[in-house]
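>>> sequence first, then the predicted structure, then my questions.
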Protein chains: 6
Amino acid sequence: METGLFIGRFQPFHNGHLKSITNVSTELDELVIGVGSADSSHTSENPFTAGERIRMIDKSLELNETNVYIVPIVDIERNSVWVGHVESLCPRFDTVYTNNNLVNRLFKESGYNLENHKKVRRDEFSGTEVRRRIVEDENWKELVPEEVSKHINRIDGVQRLKMISD
Amino acid sequence: METGLFIGRFQPFHNGHLKSITNVSTELDELVIGVGSADSSHTSENPFTAGERIRMIDKSLELNETNVYIVPIVDIERNSVWVGHVESLCPRFDTVYTNNNLVNRLFKESGYNLENHKKVRRDEFSGTEVRRRIVEDENWKELVPEEVSKHINRIDGVQRLKMISD
Amino acid sequence: METGLFIGRFQPFHNGHLKSITNVSTELDELVIGVGSADSSHTSENPFTAGERIRMIDKSLELNETNVYIVPIVDIERNSVWVGHVESLCPRFDTVYTNNNLVNRLFKESGYNLENHKKVRRDEFSGTEVRRRIVEDENWKELVPEEVSKHINRIDGVQRLKMISD
Amino acid sequence: METGLFIGRFQPFHNGHLKSITNVSTELDELVIGVGSADSSHTSENPFTAGERIRMIDKSLELNETNVYIVPIVDIERNSVWVGHVESLCPRFDTVYTNNNLVNRLFKESGYNLENHKKVRRDEFSGTEVRRRIVEDENWKELVPEEVSKHINRIDGVQRLKMISD
Amino acid sequence: METGLFIGRFQPFHNGHLKSITNVSTELDELVIGVGSADSSHTSENPFTAGERIRMIDKSLELNETNVYIVPIVDIERNSVWVGHVESLCPRFDTVYTNNNLVNRLFKESGYNLENHKKVRRDEFSGTEVRRRIVEDENWKELVPEEVSKHINRIDGVQRLKMISD
Amino acid sequence: METGLFIGRFQPFHNGHLKSITNVSTELDELVIGVGSADSSHTSENPFTAGERIRMIDKSLELNETNVYIVPIVDIERNSVWVGHVESLCPRFDTVYTNNNLVNRLFKESGYNLENHKKVRRDEFSGTEVRRRIVEDENWKELVPEEVSKHINRIDGVQRLKMISD
């Protein structure tokens, strides 16, 4: 059985995440989605709580053949123990998927096999771009799954993001 | 849509948990299982990591009609903000199921509707009893789902528990 | 100008505290009341929040000639820096009043002048005794200022204490 | 009885704070002054300890008809539980006065009534401006109550601020 | 080159520690002495600060052929990341010497080679026994190196321990 | 007996540190080298762990007449208690050597004697410059003791620094 770990902050979950996860899932029996900076919310970089992000991911994914775990990872201010922290919170995994250089290095120094998932249309499909469009009233809904935009509306997320970005 | 929160430490997940959760799930569209003391492990009270407990729960549950989220809740040493902490890590929930008096009180003071799930054969179906039997080489496997005993064997859990309980 | 520091947990503020503070205040221009374990609440040892304790103290004291500061002191898990922690949170003080041996030792090693306030009728006038009587429905109101018992009723404190002590 | 909460960092307490507080106090029976970032000091943004700031505020205020609580609020690195944190440290309050957008949003999401106090001559009456003038030897004393400038001198605050800003 | 790690709390450093360390040092080019619970002091279990303990060890050891590092290890409340924490604070080591079952288990799950050092006259040569004798005015000096008893006197350690144990 | 404290981050230990320490050691019986930000690693500012830095320092120093302690100092996010934190982790010291203004101010407010060590060829002998040269493949080895460059190679430090600086 092959289990992969896909790490991200998902602020918010967007079409780039969805495509990458759908791609990597084809090689995996199980996929652990680690929701990073889980204790951050209500900032311009991290507007949504872990609970809100978990729901966005769960409602958007449709992976019939892969068992999915969505696990919030609260920050720990120690790079040297971060891998051990993630390992203790997640079901055991074999492979790590990330584009983040630091995450990549830390798992590599701990002996993990790393697979860099290729990002799809990286310039548009970024959380930064989604948040910028939300704040500036541009078309952000085309960048995220429909369930995400519905959830952001339900929690008054547009107003929240505008207010704290001011 | 009705969402319930079921809080426990699941050290380990046992047949009492399984029956209670199966019972309450019949009234719910969604169930959030909060895995408490998620940052504790390798102690006689909390032998298993959050990741190990998440897998035990996931492998043992078979709830076809209810959407389940399993969410690790790291401890926060402040009762006065604990409910807010849980709310931020979990998808939004309507009802709380717990037998713990403190958890009960904290959610009640925050205005939640609480439903005390009736424990099944409480004296036997307790984590304390399972851990005691493991340490003393008595029959503990009859108290837990088969997937739990298999997972505990896979991670050398019996030896771990005996060693740290010494 | 002479400023004194009086340290306690005030769970709850009782007649012993009131008499001691009234006594020491006669020698002081200013009195800082440090409310210890300010981040603890909803436990059988520390049932009330810092905010609730601050209000109990403020409503019960009537010191016309002494300027009073009531300052919550959150716990810091390091005895070696605890005095510096208290100094940074409180207006500067000259003398320390305490019956606690550890607090006494820590301030003494930091060079402070210490005055042990004599406790009045110590056996009855203790927070432990007040909490015990509350839980066991004995007469606790005679041990505390009237404003304290009124405040405890207002916040449903008797029920809270009974529930979390169970 | 109406109780208001006025939140600020007060680095240092200046004439703008004094006027705003004097204004809002006319509508209130009780006023809680929350001294934010109470655990920060000796930085160019937060030069003064909570204890020093509490004394500056206490010596400068003269509100005869309103009962005042000055409460240090240590930082908690979790926006999602920050309101609960403040609630646990302060006597219960009805209304919140703040110009800070994040504070405003967090209290609003928790269901509070918010009143934005109008700042008086905001450009000059800001802590940033006072600190800049201190470092650059310009006239800062005209921006703060006399008791504040006397206290800053007493603690050698000008030298401290210059040194840590270098 | 062979490097060993010897973990203890050294409250205080006693003749049992000295003999064990002298023994294991004969097999080692380098020895790292990890001073555990380095952030604890002024309690009956942990009376001495890390700095005081480092000096006691340094003054008592005479290992001419082995390079010694004495490293304070502050506590981290997470067993699952404790080994990574120790690894990040200490020079790289090959072997671990400990009598503590939990420490043993944690290093073993991380893949380390463990050598249990045999304790010498364990019943007498224990920190608990030394502290008990100090508090009860029995002969404790025979249990510790001369430099340790001199250092404890210099810092008024007997009085400190009696006072906080009261 | 005169003991000095020399505080730095040593990211990495370079020839400037070596010369300064050699200089000040001539006046001292004992020297405590405090390795600051000991819990930081794997960042572009703090690439090396405390353990790696301790080894670099130990292998590079040759002070025959001065007793040296190398002590990792984990960060504590409170300037007001930082001196007490350092005091508790280090053997007692009389004098402090630092070029950092904040460190200087904090020790001065605590009553210490401070000696500013003169930096040697400061522009080149800085950790920032060493790290910049490593990342940009310029000649960095001439700025550090030979044992440091050997240790950085052994731990694959060049690749680590390039990767996390990207």
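That came in fine, so what should we check first?
>>> all strands for chain A, in order.
Using DSSP state E, the strands of chain A run over A:3-8, A:30-35, A:67-72, A:95-97, A:113-115.
>>> so which of those is nearest chain D?
strand A:67-72 (11.8 Å; Cβ to the nearest Cβ). Where C-beta positions appear, they are placed from N, C-alpha and C, glycine not excepted.
>>> packing partners for the closest one?
Secondary-structure packing of strand A:67-72 (3 or more Cβ pairs under 8 Å, 6 or more residues apart in numbering or on different chains; DSSP states H and E): strand A:30-35, helix A:50-60, helix B:50-60, strand B:67-72.
>>> that one versus strand A:3-8: what angle between them?
Strand A:67-72 and strand A:3-8 are oriented at 40 degrees to each other (axes from the mean of the first three to the mean of the last three Cα atoms, to 10 degrees).
>>> can you list the strands that strand A:67-72 pairs with?
Using DSSP bridges, the strands paired with strand A:67-72 are strand A:30-35 (parallel).
>>> can you show me the helices along chain A?
Assigned by DSSP state H, chain A shows helices spanning A:15-25, A:50-60, A:79-89, A:101-109, A:127-135, A:146-154, A:157-164.
>>> burial measure for residue A:47, as a count.
28 (other Cβ atoms under 10 Å in any protein chain shown).
>>> residues in contact with it?
By Cβ atoms under 8 Å, 6 or more residues apart in numbering or on different chains, the contact list for residue A:47 reads A:11, A:12, A:41, A:131, A:157, A:160, A:161, A:164.
>>> how about these, which pair is most distant?
The span of the contacts of residue A:47, defined through Cβ to Cβ, is set by A:12 and A:164 at 14.5 Å.
>>> could I get the helices and strands packed on strand A:67-72 as a markdown table with mean pLDDT and distance to residue E:70?
Listed next are the helices and strands packed on strand A:67-72 as a markdown table, based on pLDDT from 0 to 100; distance: least, Cβ to Cβ, whole Å:
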| stretch | mean pLDDT | distance to residue E:70 |
| --- | --- | --- |
| strand A:30-35 | 98 | 37 |
| helix A:50-60 | 98 | 41 |
| helix B:50-60 | 98 | 34 |
| strand B:67-72 | 97 | 37 |
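>>> JSON lines for these, including mean neighbour count?
Converted to JSON lines, those look like this (neighbours: other Cβ atoms under 10 Å in any protein chain shown):
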{"stretch": "strand A:30-35", "mean neighbour count": "24"}
{"stretch": "helix A:50-60", "mean neighbour count": "24"}
{"stretch": "helix B:50-60", "mean neighbour count": "24"}
{"stretch": "strand B:67-72", "mean neighbour count": "21"}
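>>> relative to residue D:2, which of these is closest?
For the helices and strands packed on strand A:67-72, the distance to residue D:2 is smallest for helix A:50-60, at 34.1 Å, taking Cβ to Cβ.
>>> can you give me the end-to-end distance of stretch A:34-41?
End-to-end distance for stretch A:34-41, by Cα to Cα, to the nearest Å: 16 Å.
>>> let me know which of the helices of chain A is tucked in deepest.
Each of these was scored by mean neighbour count; the highest is helix A:50-60, a mean of 24, by mean count of other Cβ atoms under 10 Å in any protein chain shown.
>>> against which helices or strands is that one packed?
strand A:30-35, strand A:67-72, helix A:146-154, strand B:67-72, helix B:79-89.
>>> so it versus helix A:15-25, what angle?
For helix A:50-60 against helix A:15-25, the angle between stretch directions is 60 degrees (the same axes, to 10 degrees).
>>> who touches helix A:50-60?
So helix A:50-60 is in contact with A:10-13, A:17-18, A:33, A:35, A:38-39, A:41, A:48, A:70, A:72, A:145, A:147-148, A:151-152, A:155, A:157, B:67, B:69, B:71, B:87-92, going by Cβ under 8 Å, 6+ apart.
>>> put together JSON lines for the helices and strands packed on strand A:67-72, with distance to residue D:101 on each row.
Formatted as JSON lines, those follow (distance: least, Cβ to Cβ, whole Å):
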{"stretch": "strand A:30-35", "distance to residue D:101": "26"}
{"stretch": "helix A:50-60", "distance to residue D:101": "20"}
{"stretch": "helix B:50-60", "distance to residue D:101": "35"}
{"stretch": "strand B:67-72", "distance to residue D:101": "30"}
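>>> can you list the residues of chain A near chain D?
A:39, A:40, A:41, A:42, A:43, A:49, A:160, A:163, A:164, A:166 (Cβ under 8 Å from any Cβ of the partner chain).
>>> hang on, the first one packs against residue A:76?
It refers to residue A:39. No - the pair residue A:39 and residue A:76 does not pass the contact test of Cβ atoms under 8 Å, sitting 9.8 Å apart.
>>> in chain A, which residue sits nearest chain F?
Here chain A gets closest to chain F at one residue, residue A:79, 3.8 Å apart by Cβ to the nearest Cβ.
>>> so who does that residue touch?
A:102, A:106, F:40, F:41, F:42, F:43.
>>> so the fourth one touches residue E:88, yeah?
Yes - using Cβ under 8 Å, residue F:41 is in contact with residue E:88, at 6.2 Å.
>>> low-confidence ranges, chain A, go.
Scanning chain A for pLDDT under 70 picks out the ranges A:117-124.
>>> for residue A:39 and residue A:76, indicate the residue with more neighbours.
The residue with more neighbours, out of residue A:39 and residue A:76, is residue A:39; 23 against 18, by other Cβ under 10 Å.
>>> tell me the spatial nearest neighbour of that one, not counting adjacent residues.
residue A:74 (4.4 Å; Cβ to Cβ, 6 or more residues apart in numbering or on different chains).
>>> surely the one you found and residue B:76 touch.
No - using Cβ under 8 Å, residue A:74 makes no contact with residue B:76, being 9.6 Å away.
>>> for chain A, which residues are neighbours of chain B?
Within chain A, the residues that sit near chain B (Cβ under 8 Å from any Cβ) are A:38-39, A:41, A:49-52, A:54-55, A:58, A:67, A:69-72, A:74, A:87-92.
>>> what's the neighbour count on the residue of chain A found nearest chain C?
Relative to chain C, the nearest point of chain A is residue A:77 (16.4 Å; Cβ to the nearest Cβ). Residue A:77 is flanked by 11 other residues according to other Cβ under 10 Å.
>>> show me what contacts it?
If you count contacts by Cβ under 8 Å, 6+ apart, residue A:77 has them with residue F:39.
>>> for the closest residue to residue A:80 other than its chain neighbours, give its distance to residue F:42.
Counting by Cβ to Cβ, 6+ apart, residue E:88 is the residue found nearest to residue A:80 once chain neighbours are left out, at 3.5 Å. Distance of residue E:88 to residue F:42, given as Cβ to Cβ, to the nearest Å: 10 Å.
>>> overlap in contacts of the two?
With Cβ under 8 Å, 6+ apart as the test, residue E:88 and residue F:42 both reach A:80, F:49.
>>> list phi and psi for the residue in chain A that chain D sits nearest to.
As assessed by Cβ to the nearest Cβ, chain D sits closest to residue A:42 within chain A, at 3.8 Å. Backbone torsions for residue A:42, taken as degrees, to the nearest 10, come to phi 60, psi 30.
>>> what's the burial count for it?
By the measure other Cβ under 10 Å, the count of residues near residue A:42 is 21.
>>> just checking, it touches residue D:106?
Yes - with contact defined as Cβ under 8 Å, residue A:42 counts as touching residue D:106 (6.4 Å).
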